[in-house]
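> sequence and predicted structure are below.
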Amino acid sequence: MNVAKHGVGGVALWIGGLTVGLVAVGYVVVGCDRLLARKLTSPRASRGPRPTDDPAPGS
């Protein structure tokens with residue numbers, strides 16, 4: 001990023017492009033994390049106990 005070679009506008013475009021690209025990668029990583037967390041979390045862990053979950057029914 002040489003200002004003398006590329007000019008202020010060229011360097012600003014590079015910085016802007018890199019910023020947009022890295023923010024996009026961050027959103028992809030967060031999206032993958034949330035998707036994997038949703039798929040790998042047990043459905044039983046997210047809901048409360050049901051009447052049939054009683055270990056000793058009738059006691």
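Yep, that arrived. All figures in this text were calculated on a predicted structure; none of them were measured in a lab.
> number of nearby residues for residue 6?
13 (other Cβ atoms under 10 Å). For glycine as for every other residue, the C-beta is placed from the backbone atoms N, C-alpha and C.
> give me phi/psi at the closest residue to it other than its chain neighbours?
Spatial nearest neighbour of residue 6, chain neighbours left out: residue 14 (7.5 Å); criterion: Cβ to Cβ, 6 or more residues apart in numbering. Note on residue 14: backbone dihedrals following degrees, to the nearest 10 are phi -60, psi -50.
> tell me how many other residues surround residue 11.
Residue 11 has 15 nearby residues by other Cβ under 10 Å.
> where does residue 50 land on pLDDT?
Residue 50 carries a pLDDT value of 64.
> ok, the one 4 residues further on next?
Confidence per residue is given as pLDDT, and for residue 54 that number is 60.
> which parts of this protein are helices?
Applying DSSP state H to the chain gives helices spanning 3-40, 43-46.
> any idea of the mean pLDDT for the first one?
Summarised as a single mean, pLDDT over helix 3-40 is 95.
> re earlier: distance of the residue nearest to residue 6 relative to residue 40?
38 Å (Cβ to Cβ, to the nearest Å).
> the more surrounded of the two?
Between residue 14 and residue 40, residue 14 has the larger neighbour count (other Cβ under 10 Å), namely 12 against 7.
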